[in-house]
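**Q** Sequence and predicted structure are below.
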Amino acid sequence: MGEAATLRRADLRRVFDAPPGRPEVVGIEVEVGLVCRENRRNASYPQALTLLDGLVRGRGASPLLDGAYTIGAAMPGGGTFTLETGGALEYSSAAFPTVAEAVADVRDNLVAAAGIGVGHGLALITGGIVPFAAADGIAWNPKPRVRVMREYFRELGPDGGHADEVMGLILSAQTSLDYVSHEDLMDKLRLLVRAAPVVAALFVDSPVAGGTETGALSRRMQYWRRFDPRRCGVLGVALDAGAGVDELVEWALRLPMIYRLVDGSHVAAPGIPFRQAMRDGFGDGTYPTEADWELHLSQVWPHVRVRRTLETRLSDAPPWPWFGAGAALWTGLAYDPRARAAAGELLRDLTADELDRAAVDVAVKGLNASVGPYLAQDLARELLRLARRGLSARVAAGLERPEALPLLEPLEEVCETMRTFADRTLQAWQRGPDEFLRAFSVPGDPG
């Protein structure tokens, strides 16, 4: 840690810089629930370790450690498996030049992990939430960061009321996209922030929580509203006229860190804004470093998170095998200039308040929700049309593989039939938990 205040504005801005000649690549993160097939309880930490050990022994992975704890496995192809705070398993792909390659990588590695899980009585569950367990059934990861985070959210009172559910039960499929300059960053960010609730309406997929039908289409989205609202929700500063990287820096400076890394272990940070820590220190004679700043930026969770990439975070994960649909949609919209411009024009009048209200409405009504003066279904159809046009243009230019185009078909079917992923989930659930497990587990061959 630093011994004196050393961070400057240039240091804070640097994390948002794009390296010269940076290509536009795609990364995908998919979280899956890890449950015991026999009793459908969340897998314990020792049980999760058997799966990670199988990846090391059978797939040539390298274990990832957090102090004395194994928390993941680095795969030979560049992707990583990590155990989330509440025991879910996340696979993060390497960055690929095409959506098709990223999807193939995720599929191959999740199927391999599922095959290992079969041999240990474990299932990998897809969707927006692990529906069987309530918050008191979460299998917490023993790493110190988990304890620090849970204590932080308990101290928030009602604003942290759903922290355990967010950290321990919900699942997502996120897309990471690149930007090539500060101007490109803000152009893409404005589009992604405004499009996020519309896209989320296409993906609602968490109608069951704690073993009970909730009456919502996305209980997951509702949980996020009580997970420290200061650091979640609509990144409104990105929509302000003339907003740039400095506004993103200012937004993050107003928030406190949750935890720091001290002597190789995560410890609670003082409850002061990062700006104050830069001026006065952490209270132990040390001051924030660039590593602290980057760690701080990983402790905010708006609908679109900006660090060295743009991460889309609002939507539920769809059922297997449609996890790649979001990456195809976002890539078609963001990486093709014509599609991006048209989508930006379509959504340009939506305000931060309208987007926030839309997220509330989408969680209950899905495509029947309102987004400002529009219906989500109407905007979704147009965004899908533009995404297909953008993805097709990339295929024609040799920037994408043709097999990416069918990835949009499940979303087009949702729009055409108005039958959401949540409707499919409810139908399977009403046939019994065993049917749900069969329908929404990642298929795996134990070999």
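**A** Alright, I've got the coordinates. Numbering: from 1, shown residues only.

**Q** okay, CA-based contacts and neighbour counts for the rest of this
**A** OK.

**Q** Which strands and helices lie in contact with the longest strand anywhere in the chain?
**A** Of all the segments of type strand in the chain, defined by DSSP state E, the longest one is strand 26-36. Judged by 3 or more C-alpha pairs under 8 Å, 6 or more residues apart in numbering; DSSP states H and E, the packing partners of strand 26-36 are strand 89-92, helix 99-119, strand 122-125, strand 173-177, helix 325-334.

**Q** Can you point out the buried residues in it?
**A** 26-36 (16 or more other C-alpha atoms under 10 Å).

**Q** cool, stretch 290-305 as well?
**A** Those would be 290, 292-293, 295-297, 299-305, for stretch 290-305 by 16+ other C-alpha under 10 Å.

**Q** for stretch 217-235, same thing?
**A** 217-228, 230-235.

**Q** follow-up on the earlier one: after the longest strand of the chain, heading C-terminal, what element do we hit next?
**A** Using DSSP states H and E, the helix or strand that follows strand 26-36 in sequence is helix 45-59.

**Q** Give me the contact list for that next one.
**A** With contacts defined as C-alpha atoms under 8 Å, 6 or more residues apart in numbering, helix 45-59 is touched by 34, 61-63, 70, 72-73, 75, 83, 87, 113, 116-117, 120, 139-142.

**Q** from those residues, which would you call buried?
**A** 34, 61-63, 70, 72-73, 75, 83, 87, 113, 116-117, 120, 139-141.

**Q** now, which of those residues lie within helices?
**A** Here DSSP state H is the test, and the buried ones among the contacts of helix 45-59 give 113, 116-117 as lying in helices.

**Q** between those, which is closest to residue 250?
**A** residue 113 (41.1 Å; C-alpha to C-alpha).

**Q** And the pLDDT at that closest one?
**A** Residue 113 is assigned a pLDDT of 97 by the prediction.

**Q** what's the answer for residue 217, then?
**A** pLDDT, read off for residue 217, is 98.

**Q** do the same with the one 10 residues further on
**A** On pLDDT, residue 227 comes in at 97.

**Q** nearest spatial neighbour of it, skipping sequence neighbours?
**A** Distances taken as C-alpha to C-alpha, 6 or more residues apart in numbering place residue 160 nearest to residue 227, at 4.7 Å, with adjacent residues excluded.

**Q** In this structure that neighbour contacts residue 224, no?
**A** No. The pair residue 160 / residue 224 is not scored as a contact, 9.3 Å apart, by C-alpha atoms under 8 Å.

**Q** Quick check: the farthest pair among the buried residues of stretch 290-305?
**A** The widest separation within the buried residues of stretch 290-305 (C-alpha to C-alpha) is 24.1 Å, between 290 and 303.

**Q** Would you indicate which residues of stretch 313-326 are buried?
**A** 313-320, 322-326.

**Q** what's near enough to touch the residue nearest to residue 41 when sequence neighbours are not counted?
**A** The shortest distance from residue 41 to any non-neighbouring residue, by C-alpha to C-alpha, 6+ apart, is to residue 35 (5.4 Å). For residue 35, the residues meeting the contact criterion (C-alpha under 8 Å, 6+ apart) are 41-43, 122-125.

**Q** so how many other residues sit close to the residue nearest to residue 404 when sequence neighbours are not counted?
**A** Leaving aside its chain neighbours, residue 404 sits nearest to residue 100 (5.0 Å; criterion: C-alpha to C-alpha, 6+ apart). Residues lying near residue 100 (other C-alpha atoms under 10 Å) number 20.

**Q** and residue 100, what does it touch?
**A** 400-401, 403-404.

**Q** Let's see that with 7 Å instead.
**A** Residues in contact with residue 100 (C-alpha atoms under 7 Å, 6 or more residues apart in numbering) are 401, 403-404.

**Q** from these, which would you call buried?
**A** 401, 404.

**Q** Reformat the contacts of residue 100 as TSV; add distance to residue 48.
**A** As requested, the contacts of residue 100 are exported to TSV (distance: C-alpha to C-alpha, whole Å):
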residue	distance to residue 48
401	35
403	33
404	32
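
**Q** Let me know the closest of the contacts of residue 100 to residue 151.
**A** residue 404 (43.0 Å).

**Q** so that closest one, which of the three states?
**A** Assigned with DSSP: H, G, I helix; E, B strand; the rest coil, residue 404 falls in the helix class.

**Q** Would you mind confirming that it is in contact with residue 102?
**A** No. Residue 404 is beyond contact range of residue 102, at 10.0 Å (criterion: C-alpha atoms under 7 Å).

**Q** hmm, back to that, out of the buried residues of stretch 290-305, list just those in helices.
**A** 290, 292-293, 295-297.

**Q** Okay, now the unreliable bits of the stretch 201-350 of the chain?
**A** Applying pLDDT under 70 to the stretch 201-350 of the chain flags no residue at all.

**Q** in it, which spans are strands?
**A** In the stretch 201-350 of the chain, the strands defined using DSSP state E, counting those that start in this stretch lie at 208-209, 212-213, 232-233, 259-262, 265-268, 301-302, 304-306, 310-312.

**Q** got a markdown table for the ones you listed, with distance to residue 409 too?
**A** Listed next are these as a markdown table, based on distance: least, C-alpha to C-alpha, whole Å:
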| stretch | distance to residue 409 |
| --- | --- |
| strand 208-209 | 25 |
| strand 212-213 | 28 |
| strand 232-233 | 28 |
| strand 259-262 | 42 |
| strand 265-268 | 43 |
| strand 301-302 | 28 |
| strand 304-306 | 24 |
| strand 310-312 | 20 |
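
**Q** Of all those, which one comes closest to residue 175?
**A** Closest among the strands of the stretch 201-350 of the chain, once you apply C-alpha to C-alpha, is strand 310-312, at 5.5 Å.

**Q** which outside residues touch that closest one?
**A** By C-alpha under 7 Å, 6+ apart, strand 310-312 touches 174-178, 303-305.

**Q** With respect to residue 275, which of those residues is nearest?
**A** Looking across the contacts of strand 310-312 and measuring by C-alpha to C-alpha, the closest to residue 275 is residue 305, at 19.6 Å.

**Q** For the closest one, which residues count as its bridge partners?
**A** residue 311 (DSSP bridges).

**Q** of the helices and strands packed on strand 26-36, which approaches residue 390 most closely?
**A** Per C-alpha to C-alpha, nearest to residue 390 of these: helix 325-334, 4.4 Å.

**Q** what packs against the closest one?
**A** helix 337-347, helix 376-396 (3 or more C-alpha pairs under 7 Å, 6 or more residues apart in numbering; DSSP states H and E).

**Q** Can I get the ones you listed in CSV including mean neighbour count and distance to residue 92?
**A** CSV is the format used below for these (neighbours: other C-alpha atoms under 10 Å; distance: least, C-alpha to C-alpha, whole Å):
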stretch, mean neighbour count, distance to residue 92
helix 337-347, 18, 26
helix 376-396, 21, 22
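
**Q** any chance of these in TSV, plus distance to residue 363?
**A** Formatted as TSV, the helices and strands packed on helix 325-334 follow (distance: least, C-alpha to C-alpha, whole Å):
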stretch	distance to residue 363
helix 337-347	20
helix 376-396	12
